[in-house]
Structures are given as structure tokens and as C-alpha cells.
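# for reference, the sequence and a predicted model appear below.
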Amino acid sequence: MSQKTTGDETTGREVEHTITVRASAEQVYRLLAEVENWPRLFPPSVHVEYLERDGTDERIRIWATANGEAKNWTSRRKLDPENLRIDFWQEVSAPPVAEMTGAWLIEPAGSAETRLRLLHWYRAIDDDPEGLAWIDQAVDRNSQEELPALKSALEEASADDGLTLSFIDSVEVDGSVKDLYDFVNEAGRWRERLPHVAAVRLTEDTPGLQVLRMDTLTKDGSSHTTESVRVCFPHHRIVYKQTTLPALMSLHTGYWEFEETGDGTARASSQHTVVINAARIPEILGPDAGVPEARAFIREALGGNSRATLELAKKYAEARR
């Protein structure tokens, strides 16, 4: 990865970080342009949604982790698919930043490689030299951490290697969407409500932004600890991203969804998207196991816990009808 800095030493600054990705430029552009991919591509990103879309102009809201806390903010983007370029800027910048804009430039570097350039333009409040130095360090540190992880995620997402697995389980419920939502939202009570949860800790410093840490029991009686950041949209959807993962996964995102189906009935669903950590398969599942065995194991383990939770949520909602 390379870096280049230009601009006046005391006022504005233009900084460029560059990395080469083993994927086509068209694939890289598509993955970056579709914000639903961001939780997979950017480690801090938990959830992104569109607020406004007008042709190639977009306004998006981003939920992400920063220094162990869940944060959200709003940004604008302009897409240029013809030139494989995405410009972005923050609607409201936090001190000491007075203004921050940037761009992704996606350049073919052969038939199966792409030169990915990340540009930032910024200035400090009152053109303060100390503020500018602080922004310099923050942008460089974040870019140095973000780009190698992004390179790996882009290459993984572009490869057809069977390591990505997505699935959904649903139940039909003779009860209300609100009661179903409450059962999943109140995850701090899961130890008393769910037999496969051995311990749980839920924090919600900002309403609707939760950090959920829990110990989950497996069929053989052992347990593993996971931590997730959850974004809650009463009373229809809870999206999450695991930030502490079981050994067999390098990514796990998902959502709970609750829909009215008419006449006082509802549907509750649990969706998972997983990227398998191929290097850990022999250690976890044995020397003869491969990707098909890992896919089957994860589908049953995650799906089994989700189906158990859905059935208990169904029982809870129907009892309150």
C-alpha cells in the first residue's frame, strides 16, 4: 500500500492511499457502490441504509463501531459508474474537522487486478495547525487499517470459492409483530428465556444501538463467546454484525425481521450471512473436513439456534395475544 500527501502545509490537505486488489475493476466498483455490502467490506461497518437516492446522488446513514462504541452518521455520495469513481462527503463534520470530502478511484491494472485509490481532502477549524496534524494522523491510521482489510474482503467477495453462506429461517405466528420484536429486542433476558444462552450482557447507551455479548452453548455442552453490535428499528427489524466471532467464521452478519401477515398474524424471520474461515476448518471439524462440511455445520448450528429462538418468540407472542 502506498501513500501520497499534497497541499498547503498549514491549511487544506489532499491525501491519497493506494492498494492493488486481485479482482476486476467492475467487480470492485459494484461492491463499493452497493452499500449493503459494506458490513462485509469494512470491519467497523454494522449497517448502512439509503435515506435519499436521485440518480447517481445518494444520501446514506451509516452505523459503525468506533473505539468499541456504536456510532452513526450521515454522508452523501455521487456515483460515476462510467469512470469507476465514487465521491463522498460528510454532512456534518466533528471538531477539529472543518470539512472532509473524499473519493474512491477504481482503475484497471490488468485483466484481473485493480488499482484502488482512496483520496481525502480536508481542513481544520480555523486552519489550526495542531488540528490539521490530528486529522493527518487519524486519516492515515484509519486508511492504513482499512485498506488491507478492504483488499482481503473484496478479493474474498469476488471469488467463487463456496466460503460465503446465506440463509433464512421463518415461522408463522398467531400473534403481534410488537410482541415478537420485544422478545428479540430484550436480549438482556435471553439467559432466562433461551436454553442455549449460558450468559448474556446487553448495553444500550444510545436507544436502538445495542452491544450484545453472550455465551452460547453447543450440542456437545461446550460454549463460545460472541459479541454483536445491533441496530434496532421498532417494531419490524433488528440488524447486527458480530464483532467477536466463533473460530470457524471470518464474518457473520444478519437480521431479525417481523412482518404483519393479516388478521392478527405475523411472520418472524432470522437471516444469516457468513464467510467461513477456511484455515480453521481442520482444527474445528477434523482433518478430513472441507468447505462442504463447514457449510453444513454452520447451517445447522446457527439455523438451529435461530429456529429455537423463533419458536420461543412465537410461543411468547401467542401467549400474549
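Here it is on my side, so go on.
# tell me which residue is most central in this structure.
For the chain, residue 39 is the residue whose C-alpha lies nearest the centre (CA atoms, centre = their mean; 2.2 Å).
# per-residue confidence at that one?
On pLDDT, residue 39 comes in at 93.
# is it true that it touches residue 253?
Yes. With contact defined as CB atoms under 8 Å, residue 39 counts as touching residue 253 (4.8 Å). Heads up, the C-betas are built off the backbone N, CA and C, glycines and all.
# on the three-state scheme, the residue nearest to the centre of the chain is what?
With DSSP: H, G, I helix; E, B strand; the rest coil as the basis, residue 39 sits in helix.
# so how far is residue 211 from it?
Per CB to CB, to the nearest Å, residue 39 is found 15 Å from residue 211.
# same question, residue 55
For residue 55, the distance to residue 211 equals 37 Å [CB to CB].
# one step back: mind listing the shared neighbours of residue 39 and residue 253?
Residues within reach of residue 39 and of residue 253 at once, by CB atoms under 8 Å, 6 or more residues apart in numbering, are residue 241.
# pLDDT weak spots in the stretch 1-150 of the chain?
1-11, 66-68 (pLDDT under 70).
# so where do the helices sit in it?
Under the criterion DSSP state H, counting those that start in this stretch, helices of the stretch 1-150 of the chain are mapped to 25-33, 38-41, 129-158.
# taking the ones you listed together, which one is wrapped up most tightly?
helix 38-41 (a mean of 22; mean count of other CB atoms under 10 Å).
# for that one, output the C-alpha coordinates as PDB.
This file holds the C-alpha atoms of helix 38-41, laid out as PDB (Å, rounded to 0.1, in the frame of the first residue of the first chain):
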ATOM      1  CA  TRP A  38     -20.300  -2.500   3.500                       C
ATOM      2  CA  PRO A  39     -20.700  -4.600   6.600                       C
ATOM      3  CA  ARG A  40     -18.800  -7.300   4.800                       C
ATOM      4  CA  LEU A  41     -16.100  -5.000   3.300                       C
END
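# more neighbours, residue 55 and residue 211?
Shown here are residue 55 and residue 211; by other CB atoms under 10 Å, residue 211 has more neighbours (18 against 7).
# helix, strand or coil for the residue nearest to that one when sequence neighbours are not counted?
The spatial neighbour of residue 211 that comes closest, neighbours along the chain excluded (CB to CB, 6 or more residues apart in numbering), is residue 203 at 4.8 Å. Following three-state DSSP, we place residue 203 in the strand state.
# and residue 198, what does it touch?
Residue 198 touches 191, 214, 215, 216, 217, 223, counting by CB under 8 Å, 6+ apart.
# and it, what element?
Secondary structure from DSSP states H and E places residue 198 in strand 197-206.
# in the sheet, which strands lie alongside that strand, parallel or antiparallel?
When pairing is defined by DSSP bridges, strand 197-206 lines up against strand 209-217 (antiparallel).
# show the subsequent helix or strand relative to the strand it pairs with.
Next in sequence after strand 209-217, counting helices and strands by DSSP H and E, comes strand 223-233.
# which residues does residue 223 contact?
With CB under 8 Å, 6+ apart, residue 223 has these contacts: 198, 215, 216, 217.
# is the second one in a bridge, and if so with what?
This means residue 215. Under DSSP bridges, the beta-bridge partners of residue 215 are residue 199, residue 225.
# pretty sure it contacts residue 222?
No. Using CB under 8 Å as the test, residue 215 is too far from residue 222 to be in contact (10.1 Å).
# between these two, point out the one with more neighbours.
residue 215 (15 against 8).
# state the pLDDT value of the more buried one.
pLDDT for residue 215: 93.
# that one and residue 132: what is the separation?
45 Å.
# now do residue 153
31 Å.
# cool, residue 158 as well?
From residue 158 over to residue 132 (counting by CB to CB), the distance is 37 Å.
# residue 178 too?
According to CB to CB, residue 178 and residue 132 sit 50 Å apart.
# residue 316 too?
To residue 132, residue 316 is 54 Å away according to CB to CB.
# ditto for residue 207
Counting by CB to CB, the gap from residue 207 to residue 132 is 35 Å.
# what's the distance between residue 98 and residue 121?
Using CB to CB, residue 98 is found at 11 Å from residue 121.
# now do the same contact list for residue 185.
Contacts of residue 185 (CB under 8 Å, 6+ apart): 232, 234, 238.
# I meant residue 94, not that one.
Neighbour list for residue 94: empty [criterion: CB under 8 Å, 6+ apart].
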